[in-house]
Every structure is written in structure tokens, then in C-alpha cells.
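> what's the 3D shape of this:
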Amino acid sequence: MGSVLSKILKHGRTVEVLKTLQIEPKKRQELEEVLSITTSHLSQILKRLEQQHLVKREGDTVHISPKGEILLRAYCVNQRFSKFLQNFGDFINDFDISDIPDWLISRLYELDSIDVVETQSDFLEPHNEFFSVLDQTVEIRGYTPVFFREHVDFFLKIAEEGVEMEIIVSEEIFRKILNEFPGEIQRGISLNNVGFYVSKRKFKFAFIVTESILSISFYLRTGVFDYKRDFLCRGSDAVRWGNDLFEYVRRGSEPIDRQKLKELLRNQ
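Alright, predicted model coming up:
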């Protein structure tokens with residue numbers, strides 16, 4: 001689509017025209033009224049858009065073209081990427097995000113609502129915000145390569161209250177839970193609303209996704225997990241992104257059911 005179209009879309013009124021037409025076709029007079037734009041100014045915009053085949057006219061009614069639809073969608077994605085970088089860009093050089101697959105990197109704009117949550121408490125303590133965002137949830141999916149003892153009782157409690165839960169842990173974390181909390185893990189896995197998996201690969205991130213929020217943390221480029229900062233992302237796009245990341249991690253993970261757990265405990 002080239003630089004000519006980039007120049008066209010840098011004018012805010014042009015984008016407004018395309019967004020209005022994306023909702024439904026409109027007559028020229030309707031466009032003037034909806035956008036509070038003069039006849040001469042609208043004529044100039046429509047002329048440029050028609051020259052680039054972004055809109056078409058049928059009588060006095062103006063339609064957005066398929067090319068215009070695609071260009072507008074690309075423009076909106078670019079705007080959301082810019083917002084994501086405004087919110088997260090200062091952290092990119094700090095964190096190792098190499099384990100996030102390219103197809104999800106290309107969708108980071110879906111996390112444009114990202115907010116940093118920092119804590120000054122003991123770095124071995126999970127954030128209070130972590131528990132508060134999960135307090136009212138009905139569905140939890142997530143992965144962790146790090147271990148908080150407080151998580152065991154917390155997740156067991158809400159699982160026994162009926163929260164649908166799928167959790168993936170690294171092999172190292174699974175061994176710790178198996179050695180230190182054998183009774184708790186048996187109780188958890190016995191619940192029909194709990195799915196438990198062990199990842200064959202240790203990823204450089206930890207995350208929880210619920211029906212309304214994604215909470216994600218990363219390893220620093222030094223190789224140390226950042227216990228001080230979580231990133232919270234809200235909205236349906238962020239939730240979809242988090243669920244897709246979960247499916248990606250789960251594909252390389254082994255499910256642990258009651259029979260498998262009994263065998264592992266017997267062989268300890």
C-alpha cells in the first residue's frame with residue numbers, strides 16, 4: 001500500500017471518514033452531519049480516497065472498499081502497537097521475551113492495556129495484587145517456572161470452592177510440590193475441575209489468565225526472575241492472547257492425573 005497511503009491516513013479526518021463508513025455506507029450529506037465537516041473538505045478527502053480505491057460511490061452513497069477495510073484495520077493495529085510500546089517499551093530491554101513465539105509477538109498490540117504492578121515487599125512473597133485479581137474469578141489457567149509456597153494453599157482453596165483451573169508447572173517446580181506438598185497435590189488433582197500439567201521445557205515467563213484479565217511476569221536478561229513486577233492486561237483481546245499462550249505451553253506438557261501421581265509418589 002506504500003507511502004502514499006501512509007500519507008493519506010496521517011490525516012485524522014480521513015481516518016474518521018473511513019471509520020464511519022466501516023460501520024455502514026452513508027450519503028455525503030450524512031457524512032457531513034455526522035463528522036461536522038464542510039462540503040468542500042469532505043470532497044477533498046473523498047477524492048483522495050477514491051483515487052487510492054479506498055472508497056467507492058454508488059450514486060450519492062459512499063462505501064468503504066475491501067482495500068479500505070484492510071488499510072483501516074492495519075492502521076488501527078499500528079495505533080495499538082504504539083500504545084503497547086508506550087506502556088511497555090521501557091521494559092523491553094530489561095526482559096527476556098525470546099520464549100514467546102513469533103505469532104504471539106506479532107499480536108502484542110492485543111496487550112495495549114498493559115499496566116505494571118510493582119512491589120517493594122519481600123521478593124519471595126507473591127504480590128498482594130496477584131491474589132486480589134484472582135479473588136472473584138471463576139476460571140484460571142496459567143504456567144509458572146517459579147515457586148511460592150503461598151500459592152499451594154491459595155490455589156487448593158479456590159479449586160475446592162469450584163473454580164475451574166488448569167495449571168502448568170516446570171519439572172523443577174513439580175518436584176518441589178511433590179516433595180513438600182504431596183497431600184495437597186493429591187487433593188487438588190482429585191478434583192474434577194482441576195487440570196494439572198508438567199512442562200517439558202522451562203519458559204522464561206510466568207502467567208495467569210482468567211475470564212477477564214492476564215497477569216504475566218518475565219525473567220530479566222540476567223537470567224533472574226523478576227519478582228518485583230507483574231504486568232496486568234485487561235479486556236477480551238488480552239484474555240485471548242493469554243489463552244493462546246497457555247495452549248502453546250500445554251502442547252509441550254504432560255498431564256498428571258491421579259494414577260500418574262500415585263506412580264510418581266510410589267517411586268519417590
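
> list phi and psi for residue 220.
Residue 220 adopts backbone torsions of phi -70, psi 160, taken as degrees, to the nearest 10.

> same check, this time on the one 5 residues further on
Note on residue 225: backbone dihedrals following degrees, to the nearest 10 are phi -70, psi 140.

> and the gap between it and residue 264?
Shown here: residue 225 relative to residue 264, a distance of 26 Å by CB to CB, to the nearest Å. Bear in mind the C-beta positions are built from the backbone N, C-alpha and C, glycine included.

> which one is the residue nearest to the spatial centre of the chain nearest to, not counting chain neighbours?
The centre of the chain sits closest to residue 238, judged by CA atoms, centre = their mean, with a distance of 3.0 Å. Spatial nearest neighbour of residue 238, excluding adjacent residues (CB to CB, 6 or more residues apart in numbering): residue 214 at 4.6 Å.

> which SS class is the one you found?
Secondary structure state of residue 214, per DSSP: H, G, I helix; E, B strand; the rest coil, is strand.

> these two touch, right, it and residue 207?
Yes: at 6.5 Å, residue 214 counts as touching residue 207 under the criterion of CB atoms under 8 Å.

> between those two, point out the one with more neighbours.
The neighbour comparison of residue 214 against residue 207 (other CB atoms under 10 Å) goes to residue 214, with 29 against 23.

> quick check: bridge partners of the more buried one?
For residue 214, the beta-bridge partners are residue 209, residue 233 (DSSP bridges).

> which ones are touching it?
By CB atoms under 8 Å, 6 or more residues apart in numbering, the contact list for residue 214 reads 111, 207, 208, 232, 233, 234, 238, 239, 241, 242.

> my guess is the residue nearest to the centre of the chain contacts residue 109. True?
No: the pair residue 238 / residue 109 is not scored as a contact, 10.5 Å apart, by CB under 8 Å.

> circling back: how about the contacts of residue 214 in CSV, adding pLDDT and distance to residue 154?
Formatted as CSV, those follow (pLDDT from 0 to 100; distance: CB to CB, whole Å):
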residue, pLDDT, distance to residue 154
111, 97, 25
207, 95, 16
208, 94, 11
232, 93, 18
233, 94, 21
234, 93, 21
238, 97, 22
239, 97, 21
241, 98, 24
242, 97, 19
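
> quick check on these: which are buried?
Buried members of the contacts of residue 214, counted by 16 or more other CB atoms under 10 Å: 111, 207, 208, 232, 233, 238, 239, 241, 242.

> out of those residues, which is nearest to residue 139?
Distances from residue 139 to those, taken as CB to CB, are shortest for residue 239 (9.8 Å).

> isn't that closest one up against residue 210?
Yes: counting by CB under 8 Å, residue 239 touches residue 210, with 7.5 Å between them.

> can you pull out the low-pLDDT segments for the stretch 1-150 of the chain?
Counting by pLDDT under 70, the stretch 1-150 of the chain shows low-confidence ranges at 1-6, 120-133, 135.

> ranges for the strands of it?
Ranges of strands in the stretch 1-150 of the chain, per DSSP state E, counting those that start in this stretch, are 26-27, 55-58, 61-64, 115-118, 139-144.

> could you list the buried residues of the longest one?
When burial is assessed from 16+ other CB under 10 Å, strand 139-144 yields the following buried residues: 140, 141, 142, 143, 144.

> ok, which stretches of the stretch 151-268 of the chain are strands?
Ranges of strands in the stretch 151-268 of the chain, per DSSP E, counting those that start in this stretch, are 164-170, 194-199, 205-209, 213-218, 229-234, 253-255.

> on that earlier part again, tell me the one of the buried ones among the contacts of residue 214 nearest residue 258?
Closest approach to residue 258 among the buried ones among the contacts of residue 214 (CB to CB): residue 208, at 24.1 Å.

> contacting residues for the closest residue in space to that closest one that isn't next to it in sequence?
Using CB to CB, 6+ apart and skipping residues adjacent in sequence, the residue nearest residue 208 is residue 142, 3.8 Å away. With contact taken as CB under 8 Å, 6+ apart, residue 142 is in contact with 166, 167, 168, 206, 207, 208, 209, 246.

> now the two most distant members of those residues.
Pairwise distances across the contacts of residue 142 (CB to CB) peak at 14.6 Å, for the pair 166 and 206.

> tell me which of these two has more neighbours.
residue 206 (22 against 18).
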